[in-house]
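Peer 1: show me the folded form of this:
(one chain, ligands or ions: 1)
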Amino acid sequence: MASLPVDQQNLHLFHNMTILVTGATGFLAKLFVEKMVRTQSDFKRMYLLIRADDISSANKRLLDEVIENELFRVVGKLGAEGLRSFISEKIVAVPGDIRSFDLGIIRNDDSNSNIMLHNMFTHIDIIVHSAATVRFDERYDTAINTNLKGAMNVLSFAQRCTNLKLLLHVSTAYVCGEKEGYILEKPFYMGESLNGIDGLNIETEIRMMEDHLSELKVKKANEKKITLAMKDMGMQRARKYGWPNTYVFTKAMTEMWLGQWKGDISLVIMRPTMISSTFKDPFPGWNQGIGTINGFILGYGKGKMKCLAFDPQSICDLIPSDMVVNAMICAIIVNMKQMYLRDTIIYHIGSSMRNPVTYGCLAVSLFKYFTINPWVDKNGPEIGEQSNFFINKRKHSRTT
Ligand SMILES: NC(=O)c1ccc[n+]([C@@H]2O[C@H](COP(=O)([O-])OP(=O)(O)OC[C@H]3O[C@@H](n4cnc5c(N)ncnc54)[C@H](OP(=O)(O)O)[C@@H]3O)[C@@H](O)[C@H]2O)c1
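Peer 2: Modelled structure (predicted):
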């Protein structure tokens, strides 16, 4: 049995367990996988559902985008050879797509996929569902198919896993929309809206989206027009019921649906706020992608964002990604032993209460950081003027 010359941190919390993770090529789930490999290496097997057409492309993505990522340099130091044999023995890249039934694992009645699926149904103990589209103004069809129907496909997969102990679904704190003050860790009820408007019905939302899409196709609208219309529809439907954008609206509907249909499944929903770089684990400052807050930091770093449209005194809830992963692991450990949680368990993961960061503080930090470490691309350093402009602007107006 391959093992890593790991650490004193290994608490054997997942001893002999089999885990399915979705979204592992993405920011958050990749960090979860790394932490599990480094600190819980006596798990039995980890299946990573990766968007790919076949096993060899999924394996290639596993190596190129997950294991060879800089993030794994700490665990790599524990022994490159050991890591390679550990990965090949315990980590299985599964080609699939959450938008399809059975997560798209069976393709063309391929017998290997059938065996894999059978093994997964028999052995999986824990499912961590992190895959999603995180674009705020995503096309309504894409957001519904990925976030909402994708999560339902994961739930129905979970319901067929005979040994399952827990399904952990990663949602977002912003399912609460723009509410202020204390937000309780309580599930949505079906059809709940944020502005009190009645009539939210998820089946109707899906049907309206499909009808509108078919209509556009019948009218032979080109792809650009369809994209614009679908983006527009998502934002309009979200705003109708009080959510600020398509992403959080579909995440909120997903929570409602999961809660409604979970049956006997023990369901834990994590609602992180804006996830930032790692605080210290496995090393400080690791980050990936341009989702949520990263897009804003990137825009500022590149000098494209000329001013900040926030009140500098207001609190911007950032939470380091390694803390989110720690919370996910704790939530699994705490809840998995209690078979058949009747109610959905919800956790908010944020920093506003204990360690609030204001937008003003963020602005000053970004200014300092990019002054010392200017953004560099193929044309050389890009920043200088923009940073000053940003800070000077702040002096003149509360909401620059
Ligand atoms: N980042 C944040 O600040 C933040 C804050 C709160 C909550 N969250 C939640 O945290 C979770 C992870 O977010 P993230 O920042 O890690 O996002 P991310 O970096 O964009 O990763 C998304 C992952 O989902 C996968 N995915 C998307 N569509 C899929 C499909 N149809 N089938 C299979 N996999 C699919 C992507 O695969 P590909 O590589 O193939 O695209 C990728 O691995 C999400 O549920 C998000 O809502 C994020």
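Peer 1: mind listing the residues bridging to the closest residue to Thr292 other than its chain neighbours?
Peer 2: Nearest residue to Thr292, sequence neighbours excluded (C-beta to C-beta, 6 or more residues apart in numbering): Met274, at 5.3 Å. No exception for glycine: its C-beta is placed from N, CA and C like everyone else's. With DSSP bridges applied, Met274 shows beta-bridge pairing to Leu318.
Peer 1: hmm, Gly291 and Met274 touching each other?
Peer 2: No: counting by C-beta atoms under 8 Å, Met274 sits too far from Gly291 to count as a contact (9.5 Å).
Peer 1: on that earlier part again, tell me the pLDDT of the residue nearest to Thr292.
Peer 2: Note on Met274: pLDDT of 94.
Peer 1: tally of neighbours for it?
Peer 2: Met274 has 19 neighbours, counted by other C-beta atoms under 10 Å.
Peer 1: can you pull the contacts of it?
Peer 2: 292-293, 316-319 (C-beta atoms under 8 Å, 6 or more residues apart in numbering).
Peer 1: lowest-confidence member of those, which is it?
Peer 2: Comparing those by pLDDT, Thr292 comes last, at 72.
Peer 1: which residues does it contact?
Peer 2: Contacts of Thr292 by C-beta under 8 Å, 6+ apart are 134, 274-275.
Peer 1: by mean pLDDT, flag the weakest helix or strand of the chain.
Peer 2: Using mean pLDDT, DSSP states H and E, helix 385-396 stands out as the lowest-scoring helix or strand of the chain, at a mean of 44.
Peer 1: the residue in the chain that the ligand sits nearest to: what's it in contact with?
Peer 2: When distances are taken as C-beta to the nearest ligand atom, the chain reaches nearest to the ligand at Gly26, 2.0 Å away. Residues in contact with Gly26, defined by C-beta under 8 Å, 6+ apart, are 130-131, 288-289.
Peer 1: those: which ones sit near the ligand?
Peer 2: Restricting the contacts of Gly26 to those near the ligand by C-beta under 6 Å from any ligand atom leaves 130-131, 289.
Peer 1: and the residues you listed, which of them are buried?
Peer 2: Among these, the ones that count as buried by 16 or more other C-beta atoms under 10 Å are 130-131.
Peer 1: how far away is the most centrally placed residue in the chain from Thr344?
Peer 2: With distances taken as C-alpha atoms, centre = their mean, the residue of the chain nearest its centroid is Ser130 (4.4 Å). The gap separating Ser130 from Thr344 is 17 Å, by C-beta to C-beta, to the nearest Å.
Peer 1: what do you get for Phe157?
Peer 2: Taking C-beta to C-beta as the measure, Phe157 and Thr344 are separated by 18 Å.
Peer 1: and for His118?
Peer 2: 29 Å.
Peer 1: of these two, who's got more company?
Peer 2: For His118 versus Thr344, neighbours defined as other C-beta under 10 Å are more numerous around Thr344 (21 against 10).
Peer 1: you'd agree the more buried one is up against Ile265?
Peer 2: No: using C-beta under 8 Å, Thr344 makes no contact with Ile265, being 9.5 Å away.
Peer 1: all helices of the stretch 101-250 of the chain, in order?
Peer 2: Using DSSP state H, counting those that start in this stretch, the helices found in the stretch 101-250 of the chain span residues 111-123, 140-143, 149-159, 202-218, 223-240, 246-261.
Peer 1: for the third one, buried residues please.
Peer 2: Along helix 149-159, these residues count as buried under the neighbour rule (16+ other C-beta under 10 Å): 149-155, 157-158.
Peer 1: mind putting those into TSV with distance to Glu215 and pLDDT?
Peer 2: Below are these laid out as TSV (distance: C-beta to C-beta, whole Å; pLDDT from 0 to 100):
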residue	distance to Glu215	pLDDT
Lys149	20	98
Gly150	24	98
Ala151	27	98
Met152	25	98
Asn153	26	98
Val154	30	98
Leu155	30	98
Phe157	32	98
Ala158	35	98
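Peer 1: nearest spatial neighbour of Tyr359, skipping sequence neighbours?
Peer 2: Phe310 (4.1 Å).
Peer 1: and the one you found, how far is that from Cys316?
Peer 2: Distance of Phe310 to Cys316, computed by C-beta to C-beta: 7 Å.
Peer 1: can you check Thr344 too?
Peer 2: Counting by C-beta to C-beta - Thr344 and Cys316 are separated by 28 Å.
Peer 1: cool, and Val357?
Peer 2: Val357 is 6 Å from Cys316, where distance means C-beta to C-beta.
Peer 1: how close does the spatially closest residue to Ser156 that is not a sequence neighbour sit to Ala131?
Peer 2: Excluding its sequence neighbours, the residue lying closest to Ser156 (C-beta to C-beta, 6+ apart) is Phe101, at 7.5 Å. Separation of Phe101 from Ala131 (C-beta to C-beta): 15 Å.
Peer 1: can you check Lys231 too?
Peer 2: Applying C-beta to C-beta to Lys231 and Ala131 gives a distance of 21 Å.
Peer 1: the ligand contacts on this structure?
Peer 2: So far as C-beta under 6 Å from any ligand atom goes, the chain lies against the ligand at 22-23, 25-29, 49, 51, 97-99, 130-134, 146, 150, 170, 172, 251, 272, 274-275, 289, 291-292.
Peer 1: which members of the residues you listed occur in strands, if any?
Peer 2: Secondary structure from DSSP state E places 22, 49, 51, 170, 272, 274-275 of the residues of the chain next to the ligand in strands.
Peer 1: same list (those) but as CSV, adding distance to Glu255.
Peer 2: Putting those into CSV (distance: C-beta to C-beta, whole Å) gives the following:
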residue, distance to Glu255
Thr22, 16
Leu49, 21
Arg51, 23
Val170, 11
Pro272, 14
Met274, 18
Ile275, 18
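Peer 1: quick revisit: compare Val357 and Cys316 (neighbour count), which wins?
Peer 2: Cys316 (22 against 17).
Peer 1: who touches the more buried one in this structure?
Peer 2: Applying C-beta under 8 Å, 6+ apart, we find Cys316 in contact with 274, 310, 357-359, 362.
Peer 1: next one: Asp317
Peer 2: Each residue near Asp317 by C-beta under 8 Å, 6+ apart is listed here: 173, 273-274, 350-352, 356-357.
Peer 1: give me phi/psi at the nearest residue to Ile91 once chain neighbours are set aside?
Peer 2: The shortest distance from Ile91 to any non-neighbouring residue, by C-beta to C-beta, 6+ apart, is to Met46 (5.2 Å). Dihedral pair for Met46: phi -130, psi 120, per degrees, to the nearest 10.
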